[in-house]
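Participant: quick one, fold the following:
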Amino acid sequence: MASRSESGRLGPGRTARVLVGSAVGVLALAGAVATAAAVLSVIVARTVIIPPSRRTDDIQIVALDQADSTIVLSSTPDSRLPGEYSFWFSGDSGHVRVGNIIAQDPRTVTRSIEAPDFGDLASARRGRFNGWFYLTPDDLHMPYEEVQIRTPLGDAPAWLIPAEKPNSRRWMIGVHGRAVRRPEALRGVLPFRAEGFTSLIVSYRNDGEAPRSDDYRYALGDREWLDVEAAMRYALDHGAEELVLMGWSMGGATVLQALTRSAFGERVIGVVLESPVVDWIATLDFQSELRRLPAAVRVGVLTLLKHRWGGLFTGLAEPLDLDRLDFVRRAQELDRPILILHSDDDGFVPSTASRELAVARPDIVSYEAFEIARHTKLWNYDREKWEGAIRRWIETLPS
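Facilitator: Residues are numbered from 1 along each chain as shown. Alright, predicted model coming up:
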């Protein structure tokens with residue numbers, strides 16, 4: 001009886017079985033990889049469009065000296081930023097304003113603090129930075145009125161802050177970004193009021209203040225613009241003749257949709273964009289690379305958001321038109337003065353698309369570059385530069 005070593009090869013039947021087994025193994029592995037990519041695509045897509053129930057406290061409170069009005073925090077990109085910020089602690093149950101950096105080393109940052117607005121800072125262990133700084137118009141020490149904007153989904157609250165001179169015909173409508181609320185846009189009131197504008201700081205669907213949509217999903221500006229249009233209608237009904245739309249982050253994408261899709265777009269004389277999403281595909285690509293997600297997941301996320309069947313997995317009532325949200329591609333359709341303020345180290349929305357829009361339309365786009373101010377914290381990092389850029393831009397608007 002011949003041994004295997006004597007024969008020098010497997011018999012034809014044994015070879016076939018080995019090949020079939022190998023093929024089945026490869027197919028099973030490929031199927032497992034594809035399944036994992038599909039599941040991860042659903043998770044990422046849902047993360048983008050579902051309003052978060054809470055934010056992560058990513059900064060440790062190392063020490064506190066309330067008598068000396070100082071706080072020692074773990075060193076992070078946010079805690080190391082110069083300037084003035086909101087600091088939310090204990091799962092957003094408390095809030096305090098932090099000021100200048102007093103000292104720092106590789107592990108910690110010591111900053112000045114004000115008295116807490118609310119919450120027990122002494123018992124807090126962790127918190128997070130935020131660029132709002134002002135929580136309500138009361139902090140601006142200006143007269144204001146709480147008003148209701150009638151949107152397609154119901155009444156949405158807004159702050160109406162009149163110009164210093166009565167009967168102002170120029171209004172600024174401030175639109176906050178994703179996963180935050182109206183206070184983010186209060187920083188925009190200061191330079192606009194100085195230039196004679198009334199300000200309307202609005203809420204929109206699914207932000208925790210305005211009515212929820214049936215699907216309770218962000219549309220990345222593709223439907224939120226309808227609530228901004230309602231605010232434009234309110235302003236025009238109450239004496240406005242000229243409008244400037246200002247949006248932060250996703251609010252930037254939203255005001256660009258309002259400008260180009262609203263029946264009242266012709267009344268807009270200019271747009272200000274702070275850390276804006278000018279192209280959602282570029283932003284999602286950036287986030288995918290940042291998290292080192294496979295290319296298949298990136299494609300899967302875009303596919304889920306763009307197609308109606310994807311709603312079975314994401315919960316979106318209607319697919320998103322991501323091409324319509326790309327204003328680098330649509331640059332030639334724009335015809336109003338635009339001011340963009342963006343930091344190159346944004347960390348969430350890359351400045352590349354903002355810069356590309358500025359290059360594509362130098363005739364209408366003014367670009368104010370920051371380098372280390374991170375996402376939507378440009379005012380906090382350099383208030384003088386930020387407000388000065390807006391005021392100079394306002395002066396160039398047609399009278």
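
Participant: can you read off the pLDDT for residue 55?
Facilitator: Residue 55 is assigned a predicted lDDT (pLDDT) of 88.

Participant: how many neighbours does it have?
Facilitator: 13 (other Cβ atoms under 10 Å). C-betas here are computed from N, CA, C, even on glycine.

Participant: residue 86 is in contact with that one, correct?
Facilitator: No: the criterion here is Cβ atoms under 8 Å, and residue 55 misses it with residue 86 at 11.7 Å.

Participant: can you pull the residues that touch both of those two?
Facilitator: By Cβ atoms under 8 Å, 6 or more residues apart in numbering, residue 55 and residue 86 have no common neighbours.

Participant: now the strands for the stretch 101-250 of the chain?
Facilitator: 108-113, 126-130, 145-151, 154-161, 170-175, 198-202, 242-248 (DSSP state E, counting those that start in this stretch).

Participant: how about a markdown table for those strands, with mean neighbour count added?
Facilitator: Formatted as a markdown table, the strands of the stretch 101-250 of the chain follow (neighbours: other Cβ atoms under 10 Å):
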| stretch | mean neighbour count |
| --- | --- |
| strand 108-113 | 18 |
| strand 126-130 | 20 |
| strand 145-151 | 16 |
| strand 154-161 | 20 |
| strand 170-175 | 27 |
| strand 198-202 | 27 |
| strand 242-248 | 27 |
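
Participant: export those to JSON lines and tack on mean pLDDT and distance to residue 301?
Facilitator: Listed next are those as JSON lines, based on pLDDT from 0 to 100; distance: least, Cβ to Cβ, whole Å:
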{"stretch": "strand 108-113", "mean pLDDT": "98", "distance to residue 301": "35"}
{"stretch": "strand 126-130", "mean pLDDT": "96", "distance to residue 301": "25"}
{"stretch": "strand 145-151", "mean pLDDT": "98", "distance to residue 301": "28"}
{"stretch": "strand 154-161", "mean pLDDT": "98", "distance to residue 301": "29"}
{"stretch": "strand 170-175", "mean pLDDT": "98", "distance to residue 301": "25"}
{"stretch": "strand 198-202", "mean pLDDT": "98", "distance to residue 301": "29"}
{"stretch": "strand 242-248", "mean pLDDT": "98", "distance to residue 301": "23"}
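
Participant: a markdown table for those strands, including distance to residue 376?
Facilitator: Output for the strands of the stretch 101-250 of the chain, formatted as a markdown table (distance: least, Cβ to Cβ, whole Å):
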| stretch | distance to residue 376 |
| --- | --- |
| strand 108-113 | 19 |
| strand 126-130 | 9 |
| strand 145-151 | 23 |
| strand 154-161 | 18 |
| strand 170-175 | 12 |
| strand 198-202 | 15 |
| strand 242-248 | 5 |
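
Participant: for those, which one sits closest to residue 79?
Facilitator: Across the strands of the stretch 101-250 of the chain, residue 79 has its closest neighbour in strand 108-113 (4.7 Å, Cβ to Cβ).

Participant: so what are the sheet partners of the closest one and their directions?
Facilitator: strand 70-74 (antiparallel), strand 94-104 (antiparallel) (DSSP bridges).

Participant: for that strand, output the C-alpha coordinates as CSV.
Facilitator: The C-alpha atoms that make up strand 108-113 are tabulated as CSV, following Å, rounded to 0.1, in the frame of the first residue of the first chain:
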residue,chain,number,x,y,z
THR,A,108,-3.0,69.7,33.7
VAL,A,109,-4.3,73.2,33.0
THR,A,110,-5.2,75.7,35.7
ARG,A,111,-7.7,78.3,34.7
SER,A,112,-9.7,81.1,36.4
ILE,A,113,-13.4,80.5,37.0
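
Participant: contacts for that strand, please.
Facilitator: Contacts for strand 108-113 (Cβ under 8 Å, 6+ apart): 62, 66, 69-75, 79-80, 87, 96-104, 121.

Participant: just the buried residues from these, in PyMOL please.
Facilitator: Buried residues within the contacts of strand 108-113, by 16 or more other Cβ atoms under 10 Å, are selected in PyMOL with:
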select buried, resi 70+71+72+73+75+79+87+96+97+98+101+121
